[in-house]
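Asker: okay, here's the prediction I keep looking at, along with the sequence it came from:
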Amino acid sequence: MLSPDAVIVSTGLMTHSSRRKEVRSAQDWDLVLVDEAHYARAGEKKNLLYGILEQTIRGKTKSLLLATATPMQLEM
């Protein structure tokens, strides 16, 4: 009954190795908004934030919004 309606978590905390189990076992969310989402680029090298979003968050939310104010860099 007193569980929070909104949870704000930094991407640094979400991807920290000591918190990954907690993120995986969290209840599902109606909406996840990831600010500075350009840090989750799927490039040639493994990206930790992208992996967490793809493998964990995507399956735990009804809506996933990725926000960034960084211009697209298509050559990367």
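Answerer: On my side now, so go ahead.
Asker: how about Ser63, secondary structure?
Answerer: What DSSP: H, G, I helix; E, B strand; the rest coil gives for Ser63 is strand.
Asker: spatially nearest residue to it, not counting backbone neighbours?
Answerer: Leaving aside its sequence neighbours, Ser63 sits nearest to Leu31 (C-beta to C-beta, 6 or more residues apart in numbering; 4.6 Å). C-beta: built from backbone N, CA, C; applies to glycine.
Asker: now swap in Lys60 and tell me
Answerer: Nearest non-adjacent residue to Lys60, counting by C-beta to C-beta, 6+ apart: Asp28, 4.8 Å away.
Asker: how about the nearest residue to Leu65, chain neighbours excluded?
Answerer: Of all residues beyond its chain neighbours, the one nearest Leu65 is Leu33 (4.6 Å), with distances taken as C-beta to C-beta, 6+ apart.
Asker: hang on, the earlier thing: now the residue nearest to Lys60. Its backbone dihedrals?
Answerer: Per-residue torsions, Asp28: phi -70, psi 160 (degrees, to the nearest 10).
Asker: quick check, it in contact with Leu64.
Answerer: No. Look at Asp28 against Leu64 with C-beta atoms under 8 Å: they stay out of range, at 11.9 Å.
Asker: so between the two, which is more surrounded?
Answerer: Taking other C-beta atoms under 10 Å, Asp28 and Leu64 do not tie; Leu64 has more neighbours (15 against 9).
Asker: you'd agree Arg58 is in a strand?
Answerer: No. Under three-state DSSP, Arg58 sits outside any strand and is assigned helix.
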